[in-house]
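Participant: Show me the folded form of this:
(one chain, ligands or ions: 1)
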Amino acid sequence: MILLNSIAKVIQAFSKLLHIDIACFNPDGELIAATEEYVRRKGRKSHALFFNTLYGHHITFLHHPGKMQMCEGCHFINNCPSKVELVQDMIINGKKYGYLSFVSFTEGNEKVLIENQEYYAEWLSRLKETIISILRDINEFKVKDVSIQLNPTYIFGHSKALSQIHSLIENLKYSTSSILITGETGTGKSLLAEYIHSTSIVSKGPFIELNCASIPESLFESELFGYEEGAFTNARRKGKPGYFELANKGTLFLDEIADLPINLQPKLLKVLQDGIIQRVGGTSSKKVNVRLIAATNQSFDELMNNKLFRPDLFYRLNVIPITIPPLRERMEDLDLLVEHFIEKLQERTGKYISTCTEEYRKLLSSYHWPGNLRELENVIEYSMNIETETRLTQNSLPAYLLTKQLSKPNVETRLCEAEREIIIQKLQHYGNSYNGKQLAAKDLGISIRTLYRKMDKLHIRS
Ligand SMILES: Nc1ncnc2c1ncn2[C@@H]1O[C@H](COP(=O)(O)OP(=O)(O)OP(=O)(O)O)[C@@H](O)[C@H]1O
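Facilitator: Modelled structure (predicted):
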């Protein structure tokens, strides 16, 4: 759904030149850029299973793909809108960059592609080289291309809190002030950040997302600010742009900002104040124009009390604070969200169920949703997969949810809930990064492996 503006632009140019549709996928089979027609016809589904069958084939020619045996396992089996596809692995020196596909959806184009296979295969190879050279410069799979997700669907619902957030965002259309989004896990902070970008004055620029919890501390500075050639051992020739440079004239979304190492915080503060960055190992400076949105599910009061977050940076980020309440505090929005997720998941599950029974709805509304919207979406996806009726019924709800509804919690359930709360508290305190988990495990007196096992069992997101 996101990103790589430069790849999207190259794809548009090749598509215009060759009069065909084009799609580009990452090594996991997720779409990272495509022509609009491709997205309209085939959506943004992951093609992981299908591509696995193609790995190592170099260029594969698919005529009426939905009917081919090798398409077994693909969502579009027997119902594929593509007439012809020319697919190529993007592999260089054994490193997998993903897949590229030239597609024709019309009969006229189908004929041209079949008759000129070699010509198109040559262009496919050229496009592959161009894209790989871009991907080498960008940490591609953390970056998202807004150019093909112009309108992330954000459901605001009828609750007072969400209506207020909606009006605030309407008011912010022409602003590039920093925003700090807080809220429990799964409340929709990342989606809201994308939505704010897509409705803002910088929406034509890139939306670059960086999860601060996923980057090793030693790489933070070079990831944020980039580096020059020779800055350190293994540095790339010609250096590499950092996230600030990539987000120039657009939005930089720093997710899990509370995990930003304390020694880097003054550097971030400085860039936010003067808009000037200097690459690691570089001597010259560059002015960047970046709108910053940050998000966290941790409490800043606690972090600041424990001297893990600098108050000056907090105030600089918190110019416009937005707090998304947990789902259990805005159950008025549940119906709308259920409808939205059912519709959203039709394609993925291949079930064209459009609603649920009253009983199903009631059971959902009496649950407390610790995982918020993410958990709700997962429950609905589960139900849609196993439901045999034309509406979602209570029979398709996951067992854990039904047990919680039908019986009073027994001692074991209560213990699990207490354990879950304590672990979540510790993770909020120490952060969700690997280091944070190590500290949390130490504090709890368990090994990190036991912590992971418990997180898995108690459905705590790692
Ligand atoms: N208002 C909404 N309308 C529609 N879908 C939503 C909404 N809020 C969240 N979702 C969906 O719920 C899921 C979780 O949302 P998201 O990843 O944005 O949450 P988050 O708060 O950033 O989570 P975390 O803190 O764990 O990173 C996503 O699939 C997202 O699309």
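
Participant: Report the residue ranges of every domain in the chain.
Facilitator: According to automatic domain parsing, the chain comprises the domains 5-138, 151-323, 328-406, 411-457.

Participant: ok, how many other residues are close to residue 95?
Facilitator: Other residues within reach of residue 95, judged by other CB atoms under 10 Å, total 11. For the C-beta atoms, the positions are set from N, CA and C on the backbone; glycine is no exception.

Participant: what does the one 5 residues further on give?
Facilitator: Applying other CB under 10 Å, we find 24 other residues in the vicinity of residue 100.

Participant: quick one, which of the domains of the chain is nearest to the ligand?
Facilitator: Nearest to the ligand, of all the domains of the chain, is domain 151-323, at 2.3 Å by CB to the nearest ligand atom.

Participant: if you look at the closest one, does any of it touch the ligand?
Facilitator: Yes: for domain 151-323 and the ligand, the contact criterion (CB under 6 Å from any ligand atom) is met by 153-155, 183, 185-191, 297.

Participant: and the residue nearest to residue 303 when sequence neighbours are not counted, what element?
Facilitator: Counting by CB to CB, 6 or more residues apart in numbering, residue 309 is the residue found nearest to residue 303 once chain neighbours are left out, at 3.9 Å. Under DSSP states H and E, no helix or strand contains residue 309.

Participant: now do the one 5 residues further on
Facilitator: When elements are assigned from DSSP H and E, residue 314 belongs to helix 311-317.

Participant: what about the residue nearest to residue 351 when sequence neighbours are not counted, neighbour count?
Facilitator: Once flanking residues are discounted, residue 351 sits nearest to residue 384: 5.0 Å by CB to CB, 6+ apart. The tally of other residues near residue 384 (other CB under 10 Å) stands at 21.

Participant: Is the residue nearest to residue 303 in contact with residue 264, as I believe?
Facilitator: No: counting by CB atoms under 8 Å, residue 309 does not reach residue 264; the two are 11.5 Å apart.

Participant: Those two: who's more crowded?
Facilitator: residue 309 (24 against 16).

Participant: Which parts of the stretch 201-350 of the chain are helices?
Facilitator: Under the criterion DSSP state H, counting those that start in this stretch, the stretch 201-350 of the chain carries helices at the ranges 220-225, 243-246, 265-274, 300-305, 311-317, 334-349.

Participant: Dihedrals phi and psi, residue 19?
Facilitator: phi 60, psi 40 (degrees, to the nearest 10).

Participant: mind checking how far it is from residue 277?
Facilitator: 41 Å (CB to CB, to the nearest Å).

Participant: Please identify which of the two sits among more neighbours.
Facilitator: residue 277 (23 against 12).

Participant: if you skip the residues just before and after it, what's nearest to residue 158?
Facilitator: residue 332 (5.2 Å).

Participant: what about the one you found, how many residues close to it?
Facilitator: With other CB under 10 Å as criterion, residue 332 counts 14.

Participant: just residue 306 next, same as before
Facilitator: 10.

Participant: Contact partners for it?
Facilitator: residue 429 (CB atoms under 8 Å, 6 or more residues apart in numbering).

Participant: mind listing what the residue nearest to residue 303 touches?
Facilitator: Here residue 309 is in contact with 258, 260, 262, 265, 300, 303 (CB under 8 Å, 6+ apart).

Participant: So for stretch 415-432, what gets flagged as buried?
Facilitator: 416, 420, 423-424, 426-432 (16 or more other CB atoms under 10 Å).

Participant: and those, which of them are in helices?
Facilitator: Among the buried residues of stretch 415-432, the ones falling in helices (DSSP state H) are 416, 420, 423-424, 426-430.

Participant: Skip ahead from the helix or strand of the chain with the lowest mean pLDDT and say which helix or strand is next.
Facilitator: Least confident helix or strand of the chain, by mean pLDDT, DSSP states H and E, is helix 48-54 with a mean of 62. Next helix or strand after helix 48-54 toward the C-terminus (DSSP H and E): strand 59-63.

Participant: so where do the helices sit in the stretch 1-150 of the chain?
Facilitator: 5-18, 36-42, 48-54, 107-115, 117-137.

Participant: I'd like the ones you listed as JSON lines, with mean neighbour count and distance to the ligand appended.
Facilitator: Below are those laid out as JSON lines (neighbours: other CB atoms under 10 Å; distance: least, CB to the nearest ligand atom, whole Å):
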{"stretch": "helix 5-18", "mean neighbour count": "18", "distance to the ligand": "21"}
{"stretch": "helix 36-42", "mean neighbour count": "17", "distance to the ligand": "17"}
{"stretch": "helix 48-54", "mean neighbour count": "16", "distance to the ligand": "18"}
{"stretch": "helix 107-115", "mean neighbour count": "14", "distance to the ligand": "34"}
{"stretch": "helix 117-137", "mean neighbour count": "16", "distance to the ligand": "24"}
